[in-house]
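Engineer: Build me a model:
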Amino acid sequence: MKILIAEDDLTSRKFLFKLLSNYGECDIVVDGLEALDAFLMSIKDNEPYNLICLDIMMPKLDGVKVLKSIRDYEIQKNIAPQQRSKIIMTTALSDIQYVQKAFDIGCDAYAAKPIDIDKFIEVLKKLELIQ
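Structural biologist: Take a look at the predicted model:
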């Protein structure tokens, strides 16, 4: 599995890397523009990400805008829904508006920080990313 972790907080970034590197190859970026660049490069290299973990609050471009850009691109390129990257939004925000907006745009799941490992693994199973 190919995974992109987009997270500006060092502690969260290290936590997600340690957890997810058990399931696949992880790339790490620290802001929204890098996340978008990494996504586009993975498509260009014909090695799209299976999973993208996007922090909602990131510098340069927030996670919701990155999510919208990714989903718009996938639609524009006629990428079938089952072939699209699974996207889990992560945030310390309890602001339900951001979460609802992310679901409206097309995120697959949401994880509140601090991330509960058991719940996160359950979500990966539900998204059929792991057994």
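
Engineer: just checking, what packs against the helix or strand that contains Ile3?
Structural biologist: Assessed by DSSP states H and E, Ile3 sits inside strand 2-6. When contacts are defined as 3 or more C-beta pairs under 8 Å, 6 or more residues apart in numbering; DSSP states H and E, strand 2-6 packs onto helix 10-20, strand 25-29, helix 32-44, strand 51-55. Yep, even glycine has a C-beta here, placed from its N, CA and C like the rest.

Engineer: which one of those lies closest to Lys77?
Structural biologist: helix 32-44 (7.6 Å; C-beta to C-beta).

Engineer: same question for that closest one, mean pLDDT?
Structural biologist: Helix 32-44 shows an average pLDDT of 96 in the prediction.

Engineer: angle of that helix against strand 25-29?
Structural biologist: 140 degrees (axes from the mean of the first three to the mean of the last three C-alpha atoms, to 10 degrees).

Engineer: for helix 32-44, which positions count as buried?
Structural biologist: Neighbour counts over helix 32-44 (16 or more other C-beta atoms under 10 Å) mark 32-36, 38-39, 42-43 as buried.
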